[in-house]
Each structure stands twice: as structure tokens, then as C-alpha cells.
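[1] Turn this into a model:
(chains A, B, C and D)
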Amino acid sequence: MDKECYCVTEAPIPVDQVICRVQARDTGAITTFIGTVREWTKGRRTLYLEYQAYIPMAVRMLKQIGDEIKERWPGTETAITHRIGRLEIGEAAVVIAVSSSHRKAAYDANAFAIERIKEMVPIWKKEHWEDGETWIGNQAGNIAYPDRQPFSKGS
Amino acid sequence: MDKECYCVTEAPIPVDQVICRVQARDTGAITTFIGTVREWTKGRRTLYLEYQAYIPMAVRMLKQIGDEIKERWPGTETAITHRIGRLEIGEAAVVIAVSSSHRKAAYDANAFAIERIKEMVPIWKKEHWEDGETWIGNQAGNIAYPDRQPFSKGS
Amino acid sequence: MIRVLLFAHLQESVGESMLEVRGDIQSVGTLKEWLAEHYPLPGIRQVMTAVNEAYATDETALQSGDTVAFIPPVSGG
Amino acid sequence: MIRVLLFAHLQESVGESMLEVRGDIQSVGTLKEWLAEHYPLPGIRQVMTAVNEAYATDETALQSGDTVAFIPPVSGG
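    Take a look at the predicted model:
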């Protein structure tokens, strides 16, 4: 299941397919998170976004996040697809699916995954505003990069 | 948007459609919860499930949950579809989608929705085990029904 | 006439999903008493009730034309 | 020869997504010094680095054939 579960792609993300990858006969709960392109951010209008990735490393880091989740929430399955290239308003940039036999783990592991992605997966977003363009830094904002190392324990 | 957002249906639930109903141009995050039929519960094997609902009231209560969410997490949109009838292992019994401009509200509101459904929406599940069948009571289990009223404030 | 809706094990116990009750029924509590006497519904006094699709109590008044549903502990989701 | 990968604003600043560096490069730190001297990469000393797709530090040793990627603050999700 591993290879297919962690993808970086230029094509629109088929949510159903990401969900399929985590389904099993002992699954009772599946959570998904879909990060979509928002038109307005603090009163500023986005026209479209452009995502770039260091693809092989990004896939490797997505898989690492899945491994971290499996260690913290045994019995869960995780699939993550991140899109790159040009994305229009409303399109999905990332889809995370987590399955579990019970729902609490599925919610918690899913929220953990998006936090880790924003911390340490080598993917960059360029905002194309109505009045300019910028590559966006760490979205957490409060993290004083690069002092915070994007390592997980043991890596 | 209201009418279509809260459904009880005998047909398989199209996850994509439920998601579509909550999308808007200021959406940055969509969470979904899919409750699926699990084969094994505490060592006991389920063959299939049968769900029954008091349909008009169930739809009304789903809408009430959506209203409660909007009050607690302004700016969110919620859509919930619950399936009834016979469901096989792996099939989705309920799909909840919540959109928000930011992800925390989308996760929290989604988790709130499934708790409220299990508390107060008139839908019943009959487990068809390998060795018998039973209508299942309140799944929270620890709730001493009927002392706990399934009312929300103000209702 | 009051329409009574039964679900889950209550429905199976009576063998009907709907009953029509006529007579001097003033409240949910009175209806429960009446049903307990006439149908195999021994636990009915403890079951949640909805009148016209809204949760109600034993004190809720009834009038002809009302729909009363008995709501055993729910197990959706 | 060490292959250097650039992304986001670093890539735009240099105008290349890949550089090949030859010469006496012992570590990530040495490579950063060398790049800062030869390319418009003034902030390079503070940027996270990956060697062969794993996060590394300035002390990480390099040898010919390694791929070094500079990872500006990420903004996926």
C-alpha cells in the first residue's frame, strides 16, 4: 500500500481515490482533510497559487509522517496527496485521509498530519495576488525558521 | 443550500457530493468524517447492518446540528448525509463535511457533529452478527438513557 | 385521533410501525399508560418521545392530529 | 561533483533550478560559503539543507555524487 499512499502530483486530486487507499475491513472511521485555495486572505485577493516541490524528498517526508502516525496511533492507515503547479480558487492543494477502527484517532492523526506537512515537507507556495506575487514562508508564522529544525524524533 | 445539506437516504453516499455542498470561495479547509461498517467489534463478527430512521425528524435534527455548529463556529458550512437500510461491511453509514476558512474550526465542528448525531438524531442500527441480531442502544454506552435528554440548549 | 410511530425494537415488539389511538388522551404520559395497557410495550414509560418531530416530555399536552414518536436510545453514526 | 538543487525564491534569484559544483567541498557549511561567494544567494547560510533527500546540518560531510537541496521555509498544505 505504501507507494501509492504518498503522492505529489500536478493533476487535480481525486478525493475518493485517496479515501479508497485507507479503507480496510476493520475501518470504522475515516477522516479527510482537504486544503483548498481561498480567494481572500486578510482582505487581500488571491488570483491563483503556484506550488513547487522537491518531489522525491516530499514523497519521502509524507511517508515519514505516515510512519509517525502509525507509531502514535497504532492501527491507523494514512494516505496523503499533495498537488503542485498552478491551482485555481477552490481547488484542493492537499488531501489527507486517515482510517481507524475508532474515530478519535482518525481525527487526531489527521490534524497531526497537516501540522507536520506545514512544518517539514519541502513544498512551497507562491501567492499570485491581485497586486503582486510572493513565495510564502513557513505558514506557522510564529516559528522562527531556521532555528526550529524540521526533524522528528529519531530522524 | 439548506435543504440539500441534510439528507437521509437509502442509496450509497457519494462523498464528493457531500463535500461539494460545503465549498465556497472563502473555504480554506474542508474536513470530512465517514463512518463505515466495521467487520469486527470486540472479537464479534458483523455480517451486515440495518439502519432505520424517523426520517423527517432525523433530517430536522441534522439541520439543528448544522445550526448549532454555525453558532459555535461562525463562517463554517456543514453538510451531513446518513444512510439507512441494509449496509455491507466497508460501506459508509454517515458522511459529514464541514468547511471553514481555517482548519481548526473544520476539525472541531466535524467532531462535534458526529457526537451530536450519536446523541440525538433518531436513527437506529441493528447489528446482524454471525450469531444473532440486536438493535443497538446509545453507543456512548456510559450515558444512562433516558435521564440524559437529547436536547440542546433552547430546544 | 393520535398517530403513534414505533421504531427499532418497539416496532418489532408490536409488529406495527404505526398505531392510531382514539379516546381521551391528554398528554404524552397518558398515552404511554394507555399503550402499556394495550400493547406489548412494557418499557414504554421510560422511552424518549417526540411530538410532531420535536422532543417532548411526559407532561407535553396532546391533541387530535398530533403525531407521537417513541425514540429508543439512538445509534446512528 | 556535487549537485545543488534550488527552489522557490532561491531558484528565481539564481535563475537556475540546478547547479553543479566541483572542487574542494568538504561539508554543507563549506558549500554554503562557496555558493554565497559565487551566486546571488545572500541568505543561503541560514537556509535548511537536505543531503540526498534527508535533512542535514552545516557539519554534514559531503562527497562527490551527493545531491544537496536548499529548503527555504516550507509552505505546503
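[2] okay, CA-based contacts and neighbour counts for the rest of this
    Will do.
[3] Confirm that C:Glu16 sits in a helix.
    No. Secondary structure of C:Glu16, determined by DSSP: H, G, I helix; E, B strand; the rest coil: coil, with no helix assignment.
[4] tell me the contacts of the residue nearest to it when sequence neighbours are not counted?
    If the residues on either side of it in the chain are set aside, C:Glu16 comes closest to C:Leu6, at 7.2 Å by C-alpha to C-alpha, 6 or more residues apart in numbering or on different chains. Neighbouring residues of C:Leu6 by C-alpha atoms under 8 Å, 6 or more residues apart in numbering or on different chains: C:16-18, C:69-71.
[5] could you dump those to CSV with pLDDT and neighbour count?
    Conversion of these to CSV gives the following (pLDDT from 0 to 100; neighbours: other C-alpha atoms under 10 Å in any protein chain shown):
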residue, pLDDT, neighbour count
C:Glu16, 97, 12
C:Ser17, 97, 15
C:Met18, 98, 16
C:Ala69, 98, 26
C:Phe70, 97, 24
C:Ile71, 96, 24
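[6] returning to that earlier point: chain D versus the residue nearest to C:Glu16, what's the distance?
    Distance of C:Leu6 to chain D, computed by C-alpha to the nearest C-alpha, to the nearest Å: 48 Å.
[7] Distance check, that residue against B:Val15.
    For C:Leu6, the distance to B:Val15 (C-alpha to C-alpha, to the nearest Å) stands at 31 Å.
[8] so the closest residue to C:Asp66 other than its chain neighbours bridges to which residues?
    Spatially, and ignoring its direct neighbours in sequence, C:Asp66 is nearest to C:Ile2 (5.4 Å; C-alpha to C-alpha, 6+ apart). As for beta bridges, C:Ile2 partners with C:Val21 under DSSP bridges.
[9] Can you report how many residues lie near C:Ile2?
    Neighbour count for C:Ile2, taken as other C-alpha atoms under 10 Å in any protein chain shown: 18.
[10] got it, and A:Cys20?
    Neighbouring residues of A:Cys20 were enumerated by other C-alpha under 10 Å; the total is 14.
[11] How about C:Met48, nearest residue that isn't a chain neighbour?
    C:Met48 sits nearest to C:Ile71 (C-alpha to C-alpha, 6+ apart), 5.1 Å away.
[12] Which residues are in contact with that neighbour?
    Taking C-alpha under 8 Å, 6+ apart as the definition of contact, the neighbours of C:Ile71 are B:122, C:6-7, C:47-50.
[13] Show me these that map onto strands.
    Among the contacts of C:Ile71, the members falling in strands are C:48-50 (criterion: DSSP state E).
[14] ranking the residues you listed by neighbours, who comes first?
    The most crowded member of these, judged by other C-alpha under 10 Å, is C:Thr49 (24 neighbours).
[15] Report the beta-bridge partner residues of that residue.
    Here C:Thr49 sits in beta bridges with C:Ala56, C:Phe70, as judged by DSSP bridges.
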